[in-house]
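Asker: have a look; sequence and predicted model below, questions after that.
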Amino acid sequence: MNAGDTICAIATPPGEGGIGIIRVSGEKALDIASRVFAGAGGRTVHDYQTHTLHHGELRAPDGKRIDEVLVAIMKAPRSYTCEDVVEFHCHGGPLILRLGMEALLLSGARLAEPGEFSKRAFLNGRLDLAQAEAVMDLISARTEAGLRVALEQLRGALSEELGRLREGLVRLLVEVEAGIDFSDEDITFISAQGLANGVTVVRDRITQLIRTAEEGRMVREGVTAVLVGRPNVGKSSLMNALAKADRAIVTPIPGTTRDVLEEYVNVRGIPVRLLDTAGLRETVDVVEREGVRRSHDALARAELVLAVLDGSEPLGDEDQRLLDLARGKEAILVVNKSDLPPRLEPLQLKGLTEGNRIVWTSATASAGLEELRDAIRDAVLKQGLEPSEGVLITHLRHRGALERAQASLDQVLLSVERRMAAEFLAVDLRAAVNAIGEIIGETTTDDILDRIFKEFCIGK
């Protein structure tokens, strides 16, 4: 990336739509936009005030009319990137957007790389690194809980918290290093106990933040739950009922599902990646056998197993093998077809569940689905986690940096206890400061920045 280039990209999703937006940002954004835009009365974008919207035509460099558009002007520094930004609001046809992009590229802009607009916002000081990551979390949020956490992080809640912790450590570091400078004069700027107390306060808060990481991961990424069972117990019907859509084909013929189907569903605010699998049974059919193999793979990887039984039939050998496979995993026993005469006794099942919850459902009658959703939520939050209104750690990168900071502070406390020289204390304190700084971008490397922003879409 060359920060001096003027970049452009389509900022709306691919496909046809009512509106398609092309975004331009950089030092020459106004000049380049003037070459392709003709406003009323022959006016160009240079004639307009910042943060205004104007009607005109988008044209190719040879003057050929491409589309009737609205142009939005946002002059530096009051824009997303803190640079001059121009947006063309076109009709949302792929051909129109492609021709508009070609006109801008021929006029001196270059195609933006993934995340380059957000990277410029970070480099120009509009966002810190944690806020920039929250932009992508906001776009990909699948539940209101995930959206709320991303908005709080974009607002700067996490950055403010980490900034306070980092500032507290910097003040301690300054006092320790000042003592090193005056060591020959036997002057002490902070006592060993005062240092230990200050470090302990920061370390305890870091520990609390690390404990939110699992909840944060679930809110951001969700969990994987797999529906498994022998053929024709109603797995696909349950998936459709939970997803509230005809996602999986349902027939009375056993073995209809031959592959692993995937759908994201919102279960009590938790995004759940729900997998519907082929029925587990011995078969000579080559295609079905491959489906069964994939079912076993999905079962092995799943964080939650929904073991489905047919409540209208006696417990069979295939059901018993399923329960054996689910043993030792977080599981919910789902007894489906509760609208039919029961042939499974609750007492018979209790000895097979290892304490896992049993939910009786009827996918066709929509019975027991709310209880199943509650059971899924309870199983996911079984470790005592509850949805939090406070700051959450949602990225593995953040957790790793905080764990490094925690380890460095542990070493500081050990060094204080052993009465080691101030130079050793300073090294570990600085390591903790730098680790926290990595999260918000105060201390980082080009490799980390490239890795983060390449996960973004091109128009963001």
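Answerer: Here it is on my side, so go on.

Asker: ok, the nearest residue to Arg220 once chain neighbours are set aside to Phe456 distance?
Answerer: Sequence neighbours aside, Thr394 is the residue nearest to Arg220 in space, at 4.3 Å (criterion: C-beta to C-beta, 6 or more residues apart in numbering). Placement of C-beta: from N, CA and C, glycine included. When distance is defined by C-beta to C-beta, to the nearest Å, Thr394 is 16 Å away from Phe456.

Asker: also Glu57?
Answerer: 31 Å.

Asker: over to Gly4?
Answerer: As for Gly4, its distance to Phe456 is 21 Å (criterion: C-beta to C-beta).

Asker: between the two, which is the more surrounded one?
Answerer: Taking other C-beta atoms under 10 Å, Gly4 and Phe456 do not tie; Phe456 has more neighbours (21 against 8).

Asker: Ser415 contacts Ala426, doesn't it?
Answerer: No. Under the criterion of C-beta atoms under 8 Å, Ser415 makes no contact with Ala426, lying 10.0 Å away.

Asker: more neighbours, the two?
Answerer: Ser415 (22 against 19).

Asker: ok, the more buried one - contacts?
Answerer: Shown in contact with Ser415 (C-beta atoms under 8 Å, 6 or more residues apart in numbering): Phe424, Leu425, Asp428.

Asker: that one - that's part of a helix, no?
Answerer: Yes. Per DSSP: H, G, I helix; E, B strand; the rest coil, Ser415 lies within a helix segment.

Asker: now do the strands in the stretch 351-460 of the chain.
Answerer: 357-360 (DSSP state E, counting those that start in this stretch).

Asker: likewise for the stretch 201-350 of the chain?
Answerer: Counting by DSSP E, counting those that start in this stretch, the stretch 201-350 of the chain has strands at residues 223-228, 261-267, 270-276, 304-310, 331-336.

Asker: closest one to Asp446 among these?
Answerer: Comparing the strands of the stretch 201-350 of the chain against Asp446 with C-beta to C-beta, the closest turns out to be strand 270-276 (32.2 Å).

Asker: now the angle from the closest one to strand 304-310?
Answerer: Angle, strand 270-276 to strand 304-310, by axes from the mean of the first three to the mean of the last three C-alpha atoms, to 10 degrees: 50 degrees.

Asker: tell me who's in contact with the residue lying closest to Ser107 once chain neighbours are set aside.
Answerer: The shortest distance from Ser107 to any non-neighbouring residue, by C-beta to C-beta, 6+ apart, is to Arg35 (4.3 Å). For Arg35, the contact set (C-beta under 8 Å, 6+ apart) comprises Pro61, Ser107, Gly108.

Asker: save the strands of the stretch 201-350 of the chain as TSV, and put in mean neighbour count, mean pLDDT and distance to Glu345 too.
Answerer: Below are the strands of the stretch 201-350 of the chain laid out as TSV (neighbours: other C-beta atoms under 10 Å; pLDDT from 0 to 100; distance: least, C-beta to C-beta, whole Å):
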stretch	mean neighbour count	mean pLDDT	distance to Glu345
strand 223-228	24	88	22
strand 261-267	18	86	29
strand 270-276	23	86	27
strand 304-310	25	89	12
strand 331-336	24	90	11
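
Asker: want to throw these into a markdown table with distance to Gly156?
Answerer: A markdown table is the format used below for the strands of the stretch 201-350 of the chain (distance: least, C-beta to C-beta, whole Å):
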| stretch | distance to Gly156 |
| --- | --- |
| strand 223-228 | 28 |
| strand 261-267 | 27 |
| strand 270-276 | 24 |
| strand 304-310 | 34 |
| strand 331-336 | 39 |
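
Asker: of all the ones you listed, which lies closest to Met136?
Answerer: Across the strands of the stretch 201-350 of the chain, Met136 has its closest neighbour in strand 270-276 (15.1 Å, C-beta to C-beta).

Asker: how far off centre is that closest one?
Answerer: 15 Å (C-alpha atoms, centre = their mean, to the nearest Å).

Asker: do you have the helices of the stretch 251-400 of the chain handy? List them.
Answerer: Along the stretch 251-400 of the chain, the stretches classed as helices by DSSP state H, counting those that start in this stretch are 286-301, 317-326, 346-350, 369-380, 396-417.

Asker: now those helices in TSV, with mean pLDDT?
Answerer: Shown next, in TSV, are those (pLDDT from 0 to 100):
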stretch	mean pLDDT
helix 286-301	74
helix 317-326	80
helix 346-350	70
helix 369-380	90
helix 396-417	96
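
Asker: so which of the ones you listed comes closest to Ala121?
Answerer: Between Ala121 and these, the tightest spacing by C-beta to C-beta is seen for helix 396-417, at 18.6 Å.

Asker: CA atoms of the closest one as CSV?
Answerer: What follows is helix 396-417, C-alpha atoms only, in CSV (Å, rounded to 0.1, in the frame of the first residue of the first chain):
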residue,chain,number,x,y,z
LEU,A,396,-7.9,-14.2,20.0
ARG,A,397,-5.3,-11.5,19.2
HIS,A,398,-6.5,-9.4,22.1
ARG,A,399,-6.5,-12.4,24.5
GLY,A,400,-3.0,-13.4,23.6
ALA,A,401,-1.7,-9.9,24.2
LEU,A,402,-3.4,-9.7,27.5
GLU,A,403,-2.0,-13.0,28.6
ARG,A,404,1.5,-11.8,27.7
ALA,A,405,0.9,-8.7,29.7
GLN,A,406,-0.4,-10.8,32.6
ALA,A,407,2.7,-13.0,32.5
SER,A,408,5.0,-10.0,32.5
LEU,A,409,3.2,-8.5,35.5
ASP,A,410,3.4,-11.8,37.4
GLN,A,411,7.2,-11.6,36.8
VAL,A,412,7.3,-8.1,38.1
LEU,A,413,5.6,-9.2,41.4
LEU,A,414,8.0,-12.1,41.7
SER,A,415,11.0,-9.8,41.1
VAL,A,416,9.7,-7.4,43.8
GLU,A,417,9.3,-10.3,46.2
